[in-house]
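*Asks:* my questions concern the predicted model and sequence given below.
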Amino acid sequence: HKKAGVVHHIQFSAARDPETGALAIAVNETDISRLKSVQNELVAAQKQQERFLAATSHELRTPLHAILALSDNMQKNPQLPEGSLKMLKIIHSSGQQLASLVNDILDAAAIQAGALVLKNDLVQLHEVAGGVIDLLSPMSPSSVKLVNSVPTSLPMLQLDSARLTQILTNLLGNACKFTRAGEIR
């Protein structure tokens with residue numbers, strides 16, 4: 001029952017009259033106006049948070065792509081000292097990880113809006129795994145070796161390559177965090 005901003009929850013149940021024992025209908029009415037109001041405020045706050053995250057993520061993309069492009073171009077300089085090249089690789093790899101996080105936030109917003117679109121790419125699993133290993137190698141401990149043991153003879157897969165990369169990055173990233181020494185295959 002709803003009237004002029006007041007919301008009531010009415011529940012009907014079968015009961016017996018305590019005096020006569022006759023079957024009766026028990027009616028329980030509860031004013032849930034405040035609960036509904038708080039629920040509406042929470043939904044509005046969640047939508048505002050989602051809009052903020054999506055807008056912020058889009059704003060982060062532009063400078064992040066500039067960092068990635070510049071660090072990639074600088075790595076191609078043949079006169080660059082080895083120490084500087086190693087630092088540029090770490091900058092580039094870190095930028096790729098940040099770009100992945102930004103994309104995760106945008107994906108979450110798309111999922112909330114029911115607008116996530118999956119691509120249908122033909123990919124070679126060995127190549128995707130190699131790209132993820134290249135991304136994570138500069139940040140893994142020196143006592144941990146990342147090895148691509150995916151056979152090159154596997155057939156091509158038809159799937160969303162960005163999602164596969166995202167999954168492998170999360171799995172290997174966690175493995176790197178919790179492996180002190182040895183190999184991750």
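*Replies:* Thanks, I have the structure now.

*Asks:* give me the most central residue, this protein.
*Replies:* D104 (3.6 Å; CA atoms, centre = their mean).

*Asks:* quick one, strands of this structure?
*Replies:* In the chain, the segments counted as strands under DSSP state E are 2-3, 6-16, 23-31, 121-123, 144-146, 157-159, 182-184.

*Asks:* most packed of those?
*Replies:* Sort those by mean neighbour count, taking mean count of other CB atoms under 10 Å, and strand 144-146 sits at the top with a mean of 17. C-beta coordinates here come from the backbone N, C-alpha and C atoms, glycine included.

*Asks:* how much space separates the residue lying farthest from the centre of the chain from D72?
*Replies:* The outermost residue of the chain relative to its centre, with distances by CA atoms, centre = their mean, is T20 at 61.4 Å. Between T20 and D72 the computed distance is 86 Å (CB to CB, to the nearest Å).

*Asks:* do the same with T62
*Replies:* 16 Å.

*Asks:* and if you look at M87?
*Replies:* Going from M87 to D72 by CB to CB gives 14 Å.

*Asks:* can you pull out the low-pLDDT segments for the chain?
*Replies:* Within the chain, the segments meeting pLDDT under 70 span 1-4.

*Asks:* all the helices of it, residue numbers only.
*Replies:* For the chain, helices defined by DSSP state H occupy the ranges 33-75, 82-112, 125-136, 161-178.
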